[in-house]
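>>> 3D model of this:
(2 chains)
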Amino acid sequence: SQQGEEDPQALSIQEGENATMNCSYKTSINNLQWYRQNSGRGLVHLILIRSNEREKHSGRLRVTLDTSKKSSSLLITASRAADTASYFCATDANSGYSTLTFGKGTMLLVS
Amino acid sequence: DSGVTQTPKHLITATGQRVTLRCSPRSGDLSVYWYQQSLDQGLQFLIQYYNGEERAKGNILERFSAQQFPDLHSELNLSSLELGDSALYFCASSPRAQVYNEQFFGPGTRLTVL
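Numbering: from 1, shown residues only, chains lettered A, B, ... in the order given. Presented below is the predicted three-dimensional model:
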């Protein structure tokens, strides 16, 4: 089963607005990463937040992590049409030979 | 451009056939990961190789196999193909064995099984 689950599945906003996507996961993690995928193309890493961090910023991106609730959020401020893509959270489970487990993603449309 | 290359970009084949997908990691990266992305299953981790050795296995079918060669490129072999194997197959690479850091994804190979 998927470790990370994004919410909402799809989001449509106007340029200049903020976009917030959420991710929930099930087990303890070492870190959580967010990736972007433009239609049918390879994923691009956006930001990584470690389990002992609560918030991280990168340009117009802000990520929060609440390990007690096993959830994370990705905020994109002042959205642009070029931000139109699918966004995935990926978790690295804190056990054994860890691998990245991806959620099904949030499809963001900025028009 | 991530620096990860995958060939071919598109592959159309028939059920029962066998295909080989190829991946060249970023220069200096020792880990290669293979993923399958389909509409119903999402992005599924298949297998990881680190410096020529298998390191982690995910939801990889027995009909699928992979290897990493001494020059660190990797191949994913898919045999006895079924319609349900139609998907995007991604390769990713990273410098080390652990997944504590970002992975760099290739552009993918779109496999269509008819």
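>>> got the residues of chain A near chain B?
Counting by CB under 8 Å from any CB of the partner chain, the residues of chain A close to chain B are A:2, A:30-31, A:33, A:35, A:40-45, A:48, A:88, A:92, A:97-105. C-beta here means a position set from N, CA and C on the backbone, and glycine is covered the same way.
>>> Just the buried residues of these.
A:2, A:30-31, A:33, A:35, A:42-43, A:45, A:48, A:88, A:92, A:98-105 (16 or more other CB atoms under 10 Å in any protein chain shown).
>>> now, which of those lie within strands?
Those of those mapping onto strands are A:30-31, A:33, A:35, A:43, A:45, A:48, A:88, A:92, A:100-102, per DSSP state E.
>>> Look up the pLDDT of residue 4 for me, please.
This is for chain A. Residue A:4 is assigned 69 on the pLDDT scale.
>>> nope, chain B please
For residue B:4, pLDDT reads 97.
>>> Count the residues that sit near residue A:69.
Residue A:69 has 9 neighbours, counted by other CB atoms under 10 Å in any protein chain shown.
>>> Assign it to helix, strand or coil.
coil (DSSP: H, G, I helix; E, B strand; the rest coil).
>>> Give me the nearest residue to it, chain neighbours excluded.
residue A:24 (7.8 Å; CB to CB, 6 or more residues apart in numbering or on different chains).
>>> For that neighbour, the count of nearby residues, please.
Per other CB under 10 Å, the neighbour tally for residue A:24 reads 17.
>>> and what of residue B:33?
28.
>>> Tell me if it really is in a strand.
Yes - counting by three-state DSSP, residue B:33 is located in a strand.
>>> just checking, residue A:49 touches residue A:58?
No - contact criterion CB atoms under 8 Å: residue A:49 and residue A:58 do not qualify, at 10.1 Å.
>>> Neighbour count for those two, which is higher?
Taking other CB under 10 Å, residue A:49 and residue A:58 do not tie; residue A:49 has more neighbours (20 against 11).
>>> distance of the more buried one from residue B:78?
Distance, residue A:49 to residue B:78, by CB to CB, to the nearest Å: 35 Å.
>>> most centrally placed residue in chain B?
Residue closest to the average C-alpha location in chain B (CA atoms, centre = their mean): residue B:34, at 3.1 Å.
>>> pLDDT wise, what is the closest residue to it other than its chain neighbours at?
Spatial nearest neighbour of residue B:34, excluding adjacent residues (CB to CB, 6+ apart): residue B:46 at 4.2 Å. pLDDT for residue B:46: 94.
>>> Identify the residues contacting the helix or strand of chain A with the lowest mean pLDDT?
One helix or strand of chain A scores below all others by mean pLDDT, DSSP states H and E: strand A:5-7, with a mean of 84. Residues from elsewhere that reach strand A:5-7, judged by CB atoms under 8 Å, 6 or more residues apart in numbering or on different chains: A:21-25, A:87-89, A:103-106.
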